[in-house]
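1. Got a predicted structure here, sequence first:
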Amino acid sequence: MFKNTNLENWVNEMITLTNPQKVVLIDGSESQLDELRRETVASGELLKLNEEKLPGCYLHRTAKNDVARVEHRTFICSRNKEDAGPTNNWMDPAEAYQKLGKLFKGSMASKTMYIIPYSMGAIGSQFSKIGVELTDSIYVVLNMNIMTRIGQKVLDQLGDSNDFVRGLHSKAQLDEENRFICHFPEDNTIWSVNSGYGGNVLLGKKCFALRIASYLGKNEGWFAEHMLILGIENPKGEVKYICAAFPSACGKTNLAMLIPPEIYGKKGYKVWCVGDDIAWLRIGEDGRLWAVNPENGFFGVAPGTNVKSNPNALEATKKDTIFTNVAYNVDDGTVWWEGLDKNPPKNAIDWTGEKWDAASGVKGAHPNSRFTAPSRNCPCLSPEFENPKGVPISAIVFGGRRAKTAPLVYQSFDWDHGVFVGSIMASETTAAASGKVGVVRRDPMAMLPFCGYHMGDYFAHWIEMGKKIANPPKIFNVNWFRTDDDGNFVWPGYGDNMRVLMWILDRCEGKAEAVETPIGYEPKPEDIELGGLDDVNLDTIKNLLEIDPSLWKSEAEGIREFYSKFGDKLPKELLKELDGLEKRLS
Ligand code: GTP
Ligand code: SPV
Ligand code: MN
């Protein structure tokens, strides 16, 4: 089937293992994709939505027990246990191949295997990397077509090379007890079985572009990060780029596509989205850090997306989009989710496929329901989106969901302190992963579930990279989620987050002053633009910037305990930063 013998041999081996009735190579042509769309509609796997209102759009419902990433079933299968580190689940690779091999054995009998060649990043860019995913799910094929660049052109680019990530996926029986997402960093291999949910099965995304790529990045001297990339254009037409790492469902897509508040918009400021979830960063010849988005689409959280919060994302879902686990409006063949508007459909089916009454109090869409929309649909997609060199980064922003403790924004003292700030991130868990929601956990650089190797080595990689970047970005931390005593968010968030980004860029350009605090530099409250905001005044900002020493002292204790997991893999630079923080607090 393939001239590339490495590819040929591996595919044949996987065919022997899974025993599909038929094998189809995905060439990326519209005619082939259309045929597959028709097939899924006929089988009920996808529901065709209203062609006038939502052209080219479909609805899919996953199994009820298969709606999010499963972190407790996700494994790093490095040869040495030590290399996976204390924050990953580890399985011996030989054991994993054997255990999952049994689950894959004959799993595609009476099914078709689809071979998807895909490129993460623009085809031919030096940043880009190639993968091949074998799957028995057309839903996966159609989603990979949106999220990545697929087809014959990728095979042409690969040529005879053995440098591709080997992904094998089978829905098998969707058996929760035998669901496994295994990564073999030393073999460039990913095996995923018994799931049909995005983050577990679209192997180019978290599995490759973060877990495998972070491992490659450590060895090759670059970063693969859980970061959005956005550009802010000033009225003179100059664009500055920011990367931001927030944990899952903590606001990356929203920030990446924000609409500037009127006070900036009328002056001529614009925001451009380069990426909403993943960034690959390399040191450029000019000594700056340059970022590309390896993806080609958005796998975004549906609930809360509306004309006010994120009009650009909403617009991106108006055509050629696959919706997963949202509510269905029977009367007009459209979709609905909580927070879209105040008019839930009267005649509706919920995400589980049952007839749904909005008044019942039951949710129509799953909290982790998603849209898969092509990047090209986004009205504010950056003109640099396809640039093979990427965009130069002025600032790196870390942030999480913290009701207390973390202030609205602060800047690190320098690179090493910035790595410290990223490493001590903590955030409340969300519906993006199975398990309890709203529990604060440490999530360094928003990479806890996505780092493909020892997190202590990952911190060291950040420190080492800092020594090599001649013109490093400045590093900041933000928190849009501080709440008042009644549990309401104090900061308006969404588009208004640009007010904070503007201070960040001013700091990068040496234009704004700062106040030194024990945790870092904070803005002078009057330096945050409040024009046009009704419910926020200077006191609100003072409040949001307040640092409670007692909360931070116990925070420092929590950090020390977290750090102790890493033993002597923890870079001494970070321990020094922690000592410094404690000293400044006392
Ligand atoms: P993943 O795709 O899981 O990585 O999520 P994400 O980081 O892209 O998060 P997303 O932008 O989809 O936002 C997740 C949830 O947070 C949505 O329900 C948003 O409405 C909400 N949200 C996003 N930004 C803000 C904000 O600035 N303030 C508040 N209060 N909520 C926000
Ligand atoms: C996340 O959970 O961070 C996501 C969605 O972006 S998933 O692809 O499921 O990982
Ligand atoms: Mn994400």
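-> That came in fine, so what should we check first? Ligands and ions are numbered 1, 2, ... in the order given.
2. Just the element for the residue of the stretch 101-250 of the chain found nearest ligand 2, please.
-> Residue of the stretch 101-250 of the chain nearest ligand 2, by C-beta to the nearest ligand atom: residue 199 (2.2 Å). Every C-beta, even on glycine, is put in place using the N, C-alpha and C of the backbone. Assigning secondary structure by DSSP states H and E places residue 199 in helix 198-201.
3. how about that helix: buried residues?
-> Within helix 198-201, the residues scored as buried using 16 or more other C-beta atoms under 10 Å are 198-201.
4. residues contacting the residue of the stretch 101-250 of the chain closest to ligand 2?
-> Contact analysis of residue 199 by C-beta atoms under 8 Å, 6 or more residues apart in numbering lists 68-69, 205-206, 299, 432.
5. Quick one, grab the pLDDT at the residue nearest the centre of the chain.
-> The structure's the chain has its C-alpha centroid closest to residue 277; by C-alpha atoms, centre = their mean the separation is 3.3 Å. On pLDDT, residue 277 comes in at 98.
6. ditto for residue 124
-> pLDDT for residue 124: 89.
7. Excluding chain neighbours, what is closest to it?
-> Counting by C-beta to C-beta, 6 or more residues apart in numbering, the nearest residue to residue 124 once its immediate chain neighbours are dropped is residue 157, at 5.9 Å.
8. What separation do you get for residue 469 and residue 434?
-> To residue 434, residue 469 is 37 Å away according to C-beta to C-beta, to the nearest Å.
9. These two: who's more crowded?
-> Taking other C-beta atoms under 10 Å, residue 469 and residue 434 do not tie; residue 434 has more neighbours (19 against 16).
10. which residues touch that one?
-> Residue 434 touches 67-72, counting by C-beta under 8 Å, 6+ apart.
11. can you tell me if stretch 399-415 touches ligand 2.
-> No. Under the criterion of C-beta under 6 Å from any ligand atom, stretch 399-415 makes no contact with ligand 2; the nearest approach is 12.9 Å.
12. Can you get me a residue count around the nearest residue in space to residue 329 that is not next to it in sequence?
-> Among residues not flanking residue 329 along the chain, residue 345 sits closest, at 3.7 Å (C-beta to C-beta, 6+ apart). When neighbours are counted by other C-beta under 10 Å, residue 345 registers 18.
13. cool, and the one 4 residues further on?
-> Taking other C-beta under 10 Å as the criterion, the count of residues near residue 349 is 18.
14. contacting residues for it?
-> The contact partners of residue 349, by C-beta under 8 Å, 6+ apart, come to 327-328, 330, 355-356.
15. One more: residue 294?
-> With contacts defined as C-beta under 8 Å, 6+ apart, residue 294 is in contact with 120-121, 127-129, 204, 209, 213, 278, 280.
16. So the residue nearest to residue 124 lies in a strand, does it not?
-> No. Judged by DSSP: H, G, I helix; E, B strand; the rest coil, residue 157 forms no part of a strand; its state is helix.
17. For stretch 106-121, buried residues please.
-> For stretch 106-121, by 16+ other C-beta under 10 Å, it's 107-108, 111-121.
18. nearest residue to residue 146 other than its sequence neighbours?
-> Leaving aside its chain neighbours, residue 146 sits nearest to residue 297 (4.0 Å; criterion: C-beta to C-beta, 6+ apart).
19. partner residues bridging that neighbour?
-> Note on residue 297: beta-bridge partners residue 374, judged by DSSP bridges.
20. repeat for residue 381
-> Bridge pairing for residue 381 - DSSP bridges - gives residue 273.
21. list the contacts for the residue lying closest to residue 275 once chain neighbours are set aside?
-> Nearest residue to residue 275, sequence neighbours excluded (C-beta to C-beta, 6+ apart): residue 293, at 2.8 Å. Residue 293 is in contact with 121, 229, 274-276, 278-280, 375, 385, counting by C-beta under 8 Å, 6+ apart.
22. Let me see the contact set for the closest residue in space to residue 457 that isn't next to it in sequence.
-> Nearest residue to residue 457, sequence neighbours excluded (C-beta to C-beta, 6+ apart): residue 569, at 6.1 Å. If you count contacts by C-beta under 8 Å, 6+ apart, residue 569 has them with 85, 454, 456-457, 460.
23. Now the buried members of those.
-> Buried members of the contacts of residue 569, scored by 16+ other C-beta under 10 Å, are 85, 454, 456-457, 460.
24. what's the closest of these to residue 249?
-> Nearest to residue 249 among the buried ones among the contacts of residue 569: residue 85, at 24.3 Å, using C-beta to C-beta.
25. Look up how far residue 455 lies from the closest one.
-> Where residue 455 is concerned, residue 85 sits at a distance of 5 Å (C-beta to C-beta).
26. Mutual contacts of these two, please.
-> In contact with both residue 85 and residue 455: residue 566, using C-beta under 8 Å, 6+ apart.
27. so how many other residues sit close to the residue nearest to residue 146?
-> Neighbour count for residue 297, taken as other C-beta under 10 Å: 27.
28. Please verify my assumption that it contacts residue 147.
-> Yes. In this structure residue 297 lies within contact range of residue 147 using C-beta atoms under 8 Å: 4.4 Å.
29. what is in contact with the two at once?
-> With C-beta under 8 Å, 6+ apart as the test, residue 297 and residue 147 both reach residue 372.
30. Can you name the residues that contact the nearest residue to residue 178 once chain neighbours are set aside?
-> Once flanking residues are discounted, residue 178 sits nearest to residue 194: 5.1 Å by C-beta to C-beta, 6+ apart. Going by C-beta under 8 Å, 6+ apart, residue 194 touches 103, 170-176, 178-180.
31. Quick check: the two most widely separated of those residues?
-> Across those, the longest distance by C-beta to C-beta is 14.8 Å; it joins 170 and 176.
32. So residue 243 lies in a strand, does it not?
-> Yes. With three-state DSSP as the criterion, residue 243 is part of a strand.
33. Nearest spatial neighbour of it, chain-adjacent residues omitted?
-> Using C-beta to C-beta, 6+ apart and skipping residues adjacent in sequence, the residue nearest residue 243 is residue 227, 4.4 Å away.
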